[in-house]
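A.B. asks: Just the structure for this:
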Amino acid sequence: MTKGLWGWILSLVVIRVCSLVMITSFATRISYFLGNMMNPTFTHDEIRNVVIQILVVSVLIFVFQFIQGELEYRAQAAARSSIRQKLFTKKQCH
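C.D. replies: Have a look, this model is predicted:
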């Protein structure tokens, strides 16, 4: 059954790793921002840069999650199609 699904499975693994990297990056940037928020040396330029980075990472997380959902749907559809094909060929043989 998994004969034609290895490409989908590998794609899902890559997207999930990318998503995990982005989530880790988001957590790092948020913790940096919150840790330095009350620091008097934390300038407006640094705040702006961190907020922009957080927004970009948030959009990337959304995109990766969206792609992951689409890949899961297509992998399930390919698996269902493969199972139907095998059942259909078995019924014709008997």
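
A.B. asks: Give the other helices and strands that the helix or strand L55 falls within contacts.
C.D. replies: In this structure, L55 sits in helix 44-93 according to DSSP states H and E. Counting contacts by 3 or more Cβ pairs under 8 Å, 6 or more residues apart in numbering; DSSP states H and E, helix 44-93 is packed against helix 6-36. The C-beta positions use only the backbone N, C-alpha and C, and glycine is treated the same way.

A.B. asks: so for the helix it packs on, what's the average pLDDT?
C.D. replies: For helix 6-36, the per-residue pLDDT values average out at 94.

A.B. asks: and the gap between the closest residue to I61 other than its chain neighbours and E72?
C.D. replies: What sits nearest to I61 in space, not counting adjacent residues and going by Cβ to Cβ, 6 or more residues apart in numbering, is M22, at 4.7 Å. To E72, M22 is 18 Å away according to Cβ to Cβ, to the nearest Å.

A.B. asks: quick one: which of these two has more around it?
C.D. replies: Neighbour tally, M22 and E72, criterion other Cβ atoms under 10 Å: the higher count belongs to M22, 20 against 15.
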